[in-house]
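> Generate a structure from the sequence data that follows.
(one chain, ligands or ions: 2)
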Amino acid sequence: MAAGNVRVVNVEERIRELADQVVALRDAYYRGSPRVADAEYDAVEDELRELVAANPELAPDPNPLDQVGAPTVLHAPVRHSRPMLSLEKATTAEQVAAFFARFPGQSVVVMPKLDGLSLALVYEDGRLVRAVTRGDGTTGDDVTPLVRALTDGLPERIDAPGRVEVRGEAVMLRSTFAAYNQAHADKPLINPRNAAAGTLRAKDPATVAERRLFFFAFDLDTSTPDSADADLERALRTLGFSGADMRHCPDADAAAEVIAGIEQRRDELDYDLDGAVLRLADRVAYAAAGTRSNSPRGALAYKFAAEERTTILEDVVWDVGKTGKIAPVAHLAPVFVGGTTVTRATLANQEVIRARGIKIGDTVLVRRAGDVIPFVAGVLDESQRTGAERDIVPPSTCPSCEQELVEQGNSRELFCTNTACPAQTVRRLIHWASRAAADIDAIGGVWIERLAEAGLLENPSDFYTLTKDQLLEFDRVGEVSATRMIDSIVASRAVGLRRALIGLAIPMASEGTATRLCRAGFASLEDVADADEERLVAVEDIGPKVAASLSEHLGRLRPELQRLRDCGVSLDVRDEDLPPVVATDAPLAGKTVVVTGSLNDPRSGEKVPRPTFQRLCEKAGATTATSVSANTDLLITGTDVGASKLTKAEKLGVEVVDQSLVWAQLIEAKIV
Ligand SMILES: NC(=O)c1ccc[n+]([C@@H]2O[C@H](COP(=O)([O-])OP(=O)(O)OC[C@H]3O[C@@H](n4cnc5c(N)ncnc54)[C@H](O)[C@@H]3O)[C@@H](O)[C@H]2O)c1
Ligand SMILES: [Zn+2]
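Numbers count the residues shown, from 1 in each chain. Ligands and ions are numbered 1, 2, ... in the order given. This is a model prediction of the structure:
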């Protein structure tokens, strides 16, 4: 009995503690300075929810779990026509199935749960009159001038009578976020969600002019519902809104598949998302389902793994790269983020470290979203500092060869210019052996380092003079592995112009540069080395800087090119890298196209990687480019299209066609 009492007292205390934490964390978050990552906040909420569910008599009063958002009125308060609520959360297939079971026979749409902030747009007789934030769910903040000035994707006029309210999410696109941070390295934004919220909190639109937002609609309320389209997605599209990508699902299995698809493509999309939303497709049925204290009954949010987490920055190590760049690498206490355990993350450069005010020992926010390399986005809560934190001091000499470093550019990136630097040498050798280049797959990085230390490897050509006997002298190398290593080296002799150029790691020359040089008719690496600037810049996407870098470095590498040739390594263009032979009547002949979104073969529904589809377009006569410009003839769109490309195409008057049309042409011309 006594033990029972003690437990109850503890539970009561714990509930109070958690409720206080929820209130405090929400308050900080909605004021624009979150103190923890969302996943950590969610964990506090979850614990509170579980404790209250098990001990309903101990529910706090007022219960923060029944409340939405927080009151944040900066401009002018506006009462919502109906509350703007939160969403019930799910993490399992069973919860999704239970949702379907509650609404038998109803069609459900599944769409990405965009991570921005929700807005209600009010139109009267076709004119946008008000844009309001969610606020505490009942009363929001009038942000109409900011939304008008800064948000794309919402029409100023719509063709609908009476009062129409469109709700949706205003997000900062990842491309906008990245470009902004690049341009404002001294005042970086921490993540796109916070950036979007901060933008609409500005007092003056001019101060945040470069922070464009994009509005995705997901909800519609019309004064004359009978005449309107009952299907949400169609109705929004008809009015001219970019909806969140909605898929109709007849049952829970179909929904599970769409949810998995959204999660899989998460990294390719131009916006952050933290889950998928299921919602009754029929607007009348959705309204009829009603609401709970803080969520609609006709919708459910399926949450994905967090892309941001906080962890301890244990140390910073300055790493020497293959081009001599010395980059700070964060060593972190292991943290599960973006689906994997992360222990290393990039800190970009010394200016970024300074701008973000990061110290060793800090609890830092680690972000792994969209891009493969996790990075340290900043310190959320400086009040957690103990005083034992240490400044991150950039080195003045190379950690490998001790040569004095030089600084370059606005972000003061550090470089070791000693081409004989041992660390650079190893990095360059590893790069030569990598899959995108010579693909010497039987010799890993550790072995390359060992062989370099033993003086057997310095330049790529040295791989080709290695002998089995030399390898056998190393501990733990037996007959079998030595043979495998040598075979792998021999096979890599067919590397060819494109991959050899990638393998030589020439600053500013990307994989795309190598591909385009081959397509433009260059026959060998020597041919590229011999070319003057005029001939190089005539190649698409190669500018004077890339041309100069190619000339300088290939000039320096001439003796190495000769050594590679002497070892029987091919530096000539390979058939597979030549432009495809195209008939003059090919369906896309002479067109420059950009491909965006996810592609699917309409005959099987199978997902087709973008490079494969681009190759098909090239076979059909097209030249492919990566970004929309005035030279683009066609923007070919798959599903989940990045809004920025569409906006740009619209601005430049570039024709936009759906992939289905191109597939039909490819099939007709027997290209696929
Ligand atoms: N880091 C912190 O300290 C802290 C504190 C408080 C809240 N938070 C975070 O803020 C969020 C707030 O939670 P919440 O209760 O508002 O729920 P929520 O944000 O998880 O869900 C409701 C919201 O989802 C949005 N949404 C996006 N796409 C949608 C779609 N397709 N259909 C419908 N709605 C869509 C809407 O804006 C809606 O208001 C959570 O992610 C939480 O982690 C963080
Ligand atoms: Zn060095």
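> The one residue in the stretch 251-400 of the chain that gets nearest to ligand 1 - how many residues pack around it?
For the stretch 251-400 of the chain, the residue closest to ligand 1 is Val277, as judged by C-beta to the nearest ligand atom, at 3.9 Å. In this view, the C-beta of every residue, glycine as well, is placed from N, C-alpha and C. Residues within reach of Val277, counting by other C-beta atoms under 10 Å, total 22.
> who's in contact with the residue lying closest to Cys416 once chain neighbours are set aside?
Here the nearest residue to Cys416 in space, its sequence neighbours aside, is Cys398; by C-beta to C-beta, 6 or more residues apart in numbering that works out to 3.8 Å. Contacts of Cys398 were listed using C-beta atoms under 8 Å, 6 or more residues apart in numbering, and they are Val320, Ile326, Glu404, Leu405, Cys416, Asn418, Cys421, Ala423.
> my read is the residue of the stretch 251-400 of the chain closest to ligand 1 is in a strand, agree?
Yes. According to DSSP: H, G, I helix; E, B strand; the rest coil, the state of Val277 is that of a strand.
> What separation do you get for it and ligand 2?
As defined by C-beta to the ion, to the nearest Å, Val277 lies at a distance of 51 Å from ligand 2.
> Quick check: bridge partners of that residue?
Taking DSSP bridges, one finds Met111, Ala301 as the beta-bridge partners of Val277.
> isn't it right next to Phe218, touching?
Yes. Between Val277 and Phe218 there is a contact at 7.1 Å, judged by C-beta atoms under 8 Å.
> which residues do these two both contact?
Among the neighbours of Val277, those also in contact with Phe218 (C-beta under 8 Å, 6+ apart) are Met111, Ala244.
> circling back: who's in contact with the residue of the stretch 251-400 of the chain closest to ligand 1?
For Val277, the set of contacting residues under the criterion of C-beta under 8 Å, 6+ apart consists of Leu87, Val110, Met111, Pro112, Lys113, Phe218, Ala244, Ala299, Leu300, Ala301, Tyr302.
> swap the cut-off to 6 Å and go again
For Val277, the set of contacting residues under the criterion of C-beta atoms under 6 Å, 6 or more residues apart in numbering consists of Met111, Lys113, Ala301.
> Of those, which ones also sit close to ligand 1?
Checked against ligand 1 using C-beta under 6 Å from any ligand atom, the contacts of Val277 give the following subset in range: Met111, Lys113, Ala301.
> ok, for the second one, nearest residue in space, not its chain neighbours?
Nearest residue to Lys113 in three dimensions, chain neighbours excluded: Gly275, at 4.0 Å (C-beta to C-beta, 6+ apart).
> what number of residues lie near that neighbour?
Summarising burial for Gly275: neighbours were counted as other C-beta under 10 Å, giving 23.
> Lys18 against Glu50, yeah?
Rather than Lys, residue 18 is Leu. No. Here Leu18 lies out of contact with Glu50, judged by C-beta atoms under 6 Å, at a distance of 9.9 Å.
> neighbouring contacts of stretch 506-514?
Stretch 506-514 is contacted by residues Thr323, Arg498, Leu501, Ile502, Val546, Ser549, Leu550, His553 when judged by C-beta under 6 Å, 6+ apart.
> Would you mark the buried spots in it?
Buried residues in stretch 506-514, defined by neighbour count with 16 or more other C-beta atoms under 10 Å: Ile506, Ala509, Thr513, Ala514.
> Inside helices: which ones of the contacts of Cys398?
Judged by DSSP state H, the contacts of Cys398 include Ala423 as members of helices.
> In JSON lines, list the contacts of Cys398 along with pLDDT and distance to Pro611.
Output for these, formatted as JSON lines (pLDDT from 0 to 100; distance: C-beta to C-beta, whole Å):
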{"residue": "Val320", "pLDDT": "96", "distance to Pro611": "31"}
{"residue": "Ile326", "pLDDT": "97", "distance to Pro611": "32"}
{"residue": "Glu404", "pLDDT": "97", "distance to Pro611": "42"}
{"residue": "Leu405", "pLDDT": "97", "distance to Pro611": "37"}
{"residue": "Cys416", "pLDDT": "97", "distance to Pro611": "34"}
{"residue": "Asn418", "pLDDT": "93", "distance to Pro611": "37"}
{"residue": "Cys421", "pLDDT": "95", "distance to Pro611": "34"}
{"residue": "Ala423", "pLDDT": "96", "distance to Pro611": "32"}
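> can you give me phi and psi for Pro334?
Summarising the backbone geometry of Pro334 under the convention degrees, to the nearest 10, its torsions are phi -50, psi 140.
> Run a quick neighbour tally on it.
When neighbours are counted by other C-beta under 10 Å, Pro334 registers 10.
> That one and Thr346: what is the separation?
Separation of Pro334 from Thr346 (C-beta to C-beta, to the nearest Å): 17 Å.
> so what pLDDT did Ala2 get?
Ala2 carries a pLDDT value of 44.
> now swap in the one 3 residues further on and tell me
According to the prediction, Asn5 has pLDDT 50.
> if we can go back for a sec, of all the contacts of stretch 506-514, which two lie farthest apart?
Taking C-beta to C-beta as the measure, these span a maximum distance of 19.1 Å, between Thr323 and Arg498.
> more neighbours, these two?
A count of neighbours by other C-beta under 10 Å puts Arg498 above the other of Thr323 and Arg498, at 25 against 17.
> Surely the more buried one and Glu576 touch.
No. When contacts are counted by C-beta under 6 Å, Arg498 is not listed as touching Glu576 (8.6 Å).
> who's in contact with the host helix or strand of Val480?
Using DSSP states H and E, the element containing Val480 is helix 479-491. For helix 479-491, the external contacting residues (C-beta under 6 Å, 6+ apart) are Ile440, Asp441, Ala442, Ile443, Phe463, Lys468, Leu471, Leu472.
> nearest to Ala287, of the buried residues of stretch 506-514?
Checking the buried residues of stretch 506-514 against Ala287 by C-beta to C-beta gives Thr513 as the nearest, at 55.3 Å.
> A helix includes that closest one, no?
Yes. Counting by three-state DSSP, Thr513 is located in a helix.
> Distance of it relative to ligand 1?
As judged by C-beta to the nearest ligand atom, to the nearest Å, Thr513 and ligand 1 stand 39 Å apart.
> need the next SSE after the helix or strand containing Phe215, C-terminal direction.
Using DSSP H and E, Phe215 sits within strand 213-222. Sequence order places helix 232-239 as the next helix or strand after strand 213-222, per DSSP H and E.
> tell me the angle that following helix makes with strand 213-222.
Angle of helix 232-239 versus strand 213-222, following axes from the mean of the first three to the mean of the last three C-alpha atoms, to 10 degrees, is 110 degrees.
> average pLDDT for helix 232-239?
Averaged across helix 232-239, the pLDDT comes to 88.
> just how off-centre is whatever helix or strand comes next after it within its chain?
Past helix 232-239, further along toward the C-terminus, the next helix or strand under DSSP H and E is strand 247-249. For strand 247-249, the gap between its own C-alpha mean and the chain's C-alpha mean amounts to 25 Å (C-alpha atoms, centre = their mean, to the nearest Å).
> packing partners for strand 247-249?
Judged by 3 or more C-beta pairs under 6 Å, 6 or more residues apart in numbering; DSSP states H and E, strand 247-249 is in contact with strand 108-114, helix 252-264.
> hey, which of the ones you listed is tucked in deepest?
For these, the stretch with the most neighbours on average is strand 108-114, a mean of 25; neighbours defined as mean count of other C-beta atoms under 10 Å.
> got the CA positions of that strand in CSV?
Output of strand 108-114 as CSV, limited to C-alpha atoms (Å, rounded to 0.1, in the frame of the first residue of the first chain):
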residue,chain,number,x,y,z
VAL,A,108,-8.9,8.7,-48.1
VAL,A,109,-6.1,10.9,-49.5
VAL,A,110,-2.6,10.6,-48.3
MET,A,111,-0.2,13.5,-48.6
PRO,A,112,3.1,14.7,-47.2
LYS,A,113,3.0,16.4,-43.9
LEU,A,114,4.9,19.6,-44.7
